[in-house]
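1. When you get a sec, could you give me coordinates for this:
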Amino acid sequence: MPNLTMYPPKPRGKLVPGNLPTYEKTGKWLAQRKFNGTHILISISPDREVDITRPGGEPTVQFQPTKELFDEIRSLNFVAGQAYWLDGELLNNKTVTEQYKGKLVLFDVLQAGRYLMGKPSQVERLTMLEGICRNPSQPEPTNGIALVVTTNVWLAQSFFSDFPSRYRDFLDHPEIEGLMLRKQDSAIDKSGSKKYLVDWMIRCRKPHSGGSYDY
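-> This next block holds a predicted model:
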């Protein structure tokens with residue numbers, strides 16, 4: 001199996017929604033919905049053994065993976081003989097919408113045969129992840145918060161425009177915390193063997209009911 005002490009890149013920066021147009025106008029960023037679940041890593045060995053962990057290797061809390069989920073992960077479009085690390089969010093105990101419980105939303109790939117440090121860029125990694133997911137295009141049927149890959153595996157959509165509109169799309173949905181901005185030409189620059197923060201990811205969370213922001 002791949003090294004189970006892996007840490008994914010985490011955002012250093014944060015912004016309020018009013019600044020989204022400024023970032024969009026640069027043409028240098030993309031946005032993904034930020035899901036309100038449990039951040040997990042999925043490792044796939046060359047012989048397709050699958051392990052689901054919390055970042056850093058801690059046990060995944062309040063989640064018992066089903067055989068169906070493991071089988072669906074194995075069914076993705078992996079290159080034979082290569083090891084993978086996928087970055088994602090598990091919709092579980094925090095999830096209000098019953099149909100979403102147990103769904104895995106993928107939003108980045110960190111390893112594909114090798115740890116993807118230096119190259120490829122963020123956009124290239126997301127294109128790679130789309131290929132692993134066989135380029136899905138159908139939104140999930142309940143509210144359309146992600147694209148359906150398999151019954152229990154979904155893909156986060158990436159948006160290159162209309163950031164404020166994308167932010168407002170799901171303000172009333174508890175499964176969405178806001179947006180995560182990612183710099184399009186950025187690349188992973190650390191090995192992932194320790195916790196680390198990056199400047200090429202910025203989180204934009206929606207406010208609490210009282211109007212305050214929790215970053």
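
2. so D185, which of the three states?
-> Put simply, D185 is coil when judged by DSSP: H, G, I helix; E, B strand; the rest coil.

3. P164 - how many residues pack around it?
-> Residues lying near P164 (other CB atoms under 10 Å) number 16. For the C-beta atoms, the positions are set from N, CA and C on the backbone; glycine is no exception.

4. before we move on, what about L116?
-> 20.

5. can you tell me how far the closest residue in space to S186 that isn't next to it in sequence sits from S193?
-> If the residues on either side of it in the chain are set aside, S186 comes closest to W200, at 3.3 Å by CB to CB, 6 or more residues apart in numbering. As judged by CB to CB, to the nearest Å, W200 and S193 stand 19 Å apart.

6. With P139 instead?
-> Distance from P139 to S193, by CB to CB: 36 Å.

7. Over to Y84?
-> 17 Å.

8. what about those two, which has more around it?
-> Between Y84 and S193, counted using other CB under 10 Å, the more crowded position is Y84 (24 against 12).

9. Looking at per-residue confidence, what score does the closest residue to that one other than its chain neighbours get?
-> Using CB to CB, 6+ apart and skipping residues adjacent in sequence, the residue nearest Y84 is I44, 4.3 Å away. With respect to pLDDT, I44 scores 96.

10. ok, the lowest-mean-pLDDT helix or strand in the chain: who's next to it in the sheet?
-> Scoring the helices and strands of the chain by mean pLDDT, DSSP states H and E places strand 50-53 at the bottom, with a mean of 89. For strand 50-53, the pairing partners within the sheet under DSSP bridges are strand 38-44 (antiparallel).

11. low-confidence ranges in this structure?
-> Along the chain, segments meeting pLDDT under 70 span 1-4, 57-64, 208-215.

12. just the strands in it please.
-> Counting by DSSP state E, the chain has strands at residues 10-14, 29-35, 38-44, 50-53, 84-90, 104-112, 147-148, 153-155, 158-159, 176-183, 197-205.

13. Let's have those strands in a markdown table, adding distance to L129.
-> Shown next, in a markdown table, are the strands of the chain (distance: least, CB to CB, whole Å):
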| stretch | distance to L129 |
| --- | --- |
| strand 10-14 | 18 |
| strand 29-35 | 11 |
| strand 38-44 | 12 |
| strand 50-53 | 16 |
| strand 84-90 | 7 |
| strand 104-112 | 5 |
| strand 147-148 | 11 |
| strand 153-155 | 7 |
| strand 158-159 | 9 |
| strand 176-183 | 12 |
| strand 197-205 | 15 |
